[in-house]
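Participant: Next comes the sequence, and after it the predicted model I'd like to discuss.
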Amino acid sequence: MLSMIVVLGIYYWSVFERFNSQVMTTDEQLQFWSKAILIAIPVSIITKIVVMIIFVIINYIITREKMAGFEDERDKLIELKATRNSYIIFGIGFFVSLAVLAFGYPPKYMFISIILGGIASEIFDNLSKFYYHRKGV
């Protein structure tokens, strides 16, 4: 979770810096933010893969045990509940982004709220999994 926050934080910070250094029309703003979000998706996926690989390697070096490759019904239930919670948070973020646009704010605020909703849903997904594992659901 921390690696995702750091990587996406650095990525969006550079995007915001580039955006603030340019003067754009509304159409150019929409195109800029759409590209930024489309690039963020593979960056996020690649980061998750790299972090998982590093985690497995470090775990193997420390414990000399391979990672368990099975998933029981409890794990599947936890995954479903965490995914549900994540979708709810992203849906709220999406509706907030539409409300921002409906109240007359520039399009950049709509995209910023979509980005923040996506990051919040990712964080909430991981926190939900942690909570449900600790709770024993």
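Facilitator: Received it, and whenever you're ready, just let me know what you need.

Participant: Check the offset of the lowest-mean-pLDDT helix or strand in the chain from the chain's centre.
Facilitator: None of the helices or strands of the chain scores lower by mean pLDDT, DSSP states H and E than helix 2-20, at a mean of 84. Counting by C-alpha atoms, centre = their mean, to the nearest Å, helix 2-20 is centred 12 Å from the centre of its parent chain.

Participant: What residues of it count as buried?
Facilitator: Residues of helix 2-20 classed as buried by neighbour count (16 or more other C-beta atoms under 10 Å): 4, 7, 8, 11, 12, 15, 19. For the C-beta atoms, the positions are set from N, CA and C on the backbone; glycine is no exception.

Participant: tell me which of the residues you listed is nearest to residue 89?
Facilitator: Residue 89 lies nearest to residue 4 out of the buried residues of helix 2-20, by C-beta to C-beta, at 14.6 Å.

Participant: That closest one reaches residue 43, doesn't it?
Facilitator: No: with contact defined as C-beta atoms under 8 Å, residue 4 and residue 43 do not form a contacting pair (9.9 Å).

Participant: Look through this protein and report the residue furthest from the middle.
Facilitator: Distance from the C-alpha centroid of the chain, by C-alpha atoms, centre = their mean, peaks at residue 64 (31.4 Å).

Participant: in the chain, which spans are helices?
Facilitator: 2-20, 26-63, 73-102, 107-135 (DSSP state H).

Participant: most packed of these?
Facilitator: For the helices of the chain, the largest average neighbour count (mean count of other C-beta atoms under 10 Å) is found in helix 107-135, namely a mean of 17.

Participant: State the mean pLDDT of that helix.
Facilitator: In this model, helix 107-135 carries a mean pLDDT of 91.

Participant: Understood, closing this out.
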